[in-house]
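In: Got a predicted structure here, sequence first:
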Amino acid sequence: MGGELATWEQILLGVAAVLILLFFFPGAKRMLEESREKEKDWRGVLLPLGLVVLFVLLLISLV
């Protein structure tokens with residue numbers, strides 16, 4: 001099904017990848033800086049996530 005990409009396709013994919021990285025880098029940098037400040041918020045995420053995992057395991061065990 002898949003063959004070799006033409007040279008222009010490889011260049012286009014490379015340019016698109018660089019543009020995507022440049023577009024998302026400022027937001028990702030700010031997100032990482034803010035996450036260092038709010039390490040205690042992980043408990044608020046992990047508790048509901050753990051409850052969902054336990055509920056899914058319960059449902060799987062009932063089948």
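Out: Great, that's in hand. Numbering: from 1, shown residues only.

In: helix or strand right after the lowest-mean-pLDDT helix or strand in the chain?
Out: Between all helices and strands in the chain, the lowest mean by mean pLDDT, DSSP states H and E belongs to helix 7-37, at a mean of 87. Taking DSSP states H and E as the definition, the helix or strand that follows helix 7-37 towards the C-terminus is helix 42-62.

In: could you measure the residue nearest the centre of the chain against T7, distance?
Out: The C-alpha lying nearest the average C-alpha coordinate of the chain belongs to A28 (C-alpha atoms, centre = their mean; 10.9 Å). The span separating A28 from T7 equals 30 Å under the rule C-beta to C-beta, to the nearest Å. For every residue, glycine as well, the C-beta is placed using N, CA and C.

In: now do R36
Out: Taken as C-beta to C-beta, the spacing of R36 relative to T7 amounts to 43 Å.

In: Same question for F23.
Out: From F23 across to T7, the span is 25 Å (C-beta to C-beta).

In: L5: what secondary structure?
Out: Put simply, L5 is coil when judged by DSSP: H, G, I helix; E, B strand; the rest coil.

In: mind checking how far the closest residue to it other than its chain neighbours is from A6?
Out: Setting aside the residues directly before and after it, L5 is nearest to L13 in space (C-beta to C-beta, 6 or more residues apart in numbering), at 7.3 Å. Using C-beta to C-beta, one gets 11 Å for the distance from L13 to A6.

In: Same check on W42?
Out: 46 Å.

In: Count the neighbours of R36 for me.
Out: A total of 7 residues lie near R36 under the criterion other C-beta atoms under 10 Å.

In: now swap in R30 and tell me
Out: 10.

In: For V45, the count of nearby residues, please.
Out: 9.

In: Could you report the distance from it to K29?
Out: Distance of V45 to K29, computed by C-beta to C-beta: 21 Å.

In: do the same with V63
Out: Plainly put, V63 is 45 Å away from K29 if you go by C-beta to C-beta.

In: Before I go, just wanted to say thanks for your time.
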